[in-house]
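A.B. asks: I would like the atomic coordinates for the input below:
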Amino acid sequence: MKLDMDSIHQNQTWEFLELPHGRKSLPCKWVFWYKYVSDSIKFKYKARLVAKEFNQEHGVDYDKIFSPVVKMTTIHLLLGVVAAEDLDLDLEELDVKMAFLHGDLEDIYISQPTGFLATGEKSHLVCGMKKSLYVLKQSLRMWYQKFDSYIRQLGYHRSDSDPCMYTLQLADESQFYLILYVRDMLIAGSNPAEIGKLKWSLHDKFAMKELGQAEIGKLKWSLHDKFAMKELGQARHILGMRIERNRTSKTLWH
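C.D. replies: Below you'll find the predicted structure:
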């Protein structure tokens, strides 16, 4: 619970406000679960603060909620391109930590969370949302719009046939590919420097400079300014599919 609250505060998810007249604050609750760590016999215990979205009213607490999800055929197509072209770099996977907390919000109010109630003069205040919170009806849409806007600022082109597929053509006419599935990304390309630039830019929106080989080695840092990312290395699983690649025969199975 403390770790989750730390992430919420670091992301400046809300600020304490007086509840405006005629508005209500949405209740929230803690959700607890454990996650099996595959490389050990231990379980990782987790907690997440979520809004009780069933209390939201259309036209009051939300409007549009639709958000696209990558098509399975697009994933198959990218895997086929990677196998056929034998890209110099392995297909890599990235995971955005606390993805839904990055979407921008306003005019949404949440009650203070149990276990972390403010005292004194702030005890009667509510949390005025500046960023999304998990389970809000519009959270996924806000996250997609945030990511889509940012990645296109970097020069990537969104596919006309799949809004979760992005490409970038480099000066040497090589292609760079990125697929977004909710908070997971698959990236593939034959230019190490460009993959390094992408990771750097996602880590820190102000780091847009050209990278040398020494700087690329620094790209394993945790992302704090833009998106908190976890680099998963060579892609081995995606949407329940196991990925196996034989670069000698230029084949890839899933």
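A.B. asks: if you average pLDDT over whichever strand or helix holds residue 44, what comes out?
C.D. replies: Using DSSP states H and E, residue 44 sits within strand 43-51. Strand 43-51 shows a mean pLDDT of 90.
A.B. asks: what's that strand packed up against?
C.D. replies: For strand 43-51, the elements it packs on are helix 2-10, strand 28-36, judged by 3 or more Cβ pairs under 8 Å, 6 or more residues apart in numbering; DSSP states H and E. No exception for glycine: its C-beta is placed from N, CA and C like everyone else's.
A.B. asks: helices of the chain, residue ranges please.
C.D. replies: Per DSSP state H, the chain carries helices over the ranges 2-10, 72-85, 139-153, 192-203, 213-216.
A.B. asks: tell me which of those is the most buried.
C.D. replies: For the helices of the chain, the largest average neighbour count (mean count of other Cβ atoms under 10 Å) is found in helix 192-203, namely a mean of 20.
A.B. asks: low-confidence ranges in the stretch 151-254 of the chain?
C.D. replies: Along the stretch 151-254 of the chain, the parts satisfying pLDDT under 70 run over 191-192, 195, 199-200, 203-242, 245-254.
A.B. asks: name the residues that touch the strand holding residue 44?
C.D. replies: Residues outside strand 43-51 that contact it (Cβ atoms under 8 Å, 6 or more residues apart in numbering): 1, 3-5, 8, 26-37, 110, 113, 133-136.
A.B. asks: and it, how far out from the chain's middle?
C.D. replies: What separates the centre of strand 43-51 from the centre of its chain is 17 Å, taken as Cα atoms, centre = their mean, to the nearest Å.
A.B. asks: quick one: it to strand 28-36, angle?
C.D. replies: Between strand 43-51 and strand 28-36, the angle comes out at 160 degrees (axes from the mean of the first three to the mean of the last three Cα atoms, to 10 degrees).
A.B. asks: pairing partners for strand 43-51, with directions?
C.D. replies: Sheet pairing for strand 43-51, assigned by DSSP bridges, gives strand 28-36 (antiparallel).
A.B. asks: buried ones in the partner strand?
C.D. replies: residue 28 (16 or more other Cβ atoms under 10 Å).
A.B. asks: if you average pLDDT over it, what comes out?
C.D. replies: On average, strand 28-36 scores 90.
A.B. asks: what's the angle from it to helix 2-10?
C.D. replies: Using the same axes, to 10 degrees: strand 28-36 against helix 2-10 is 120 degrees.
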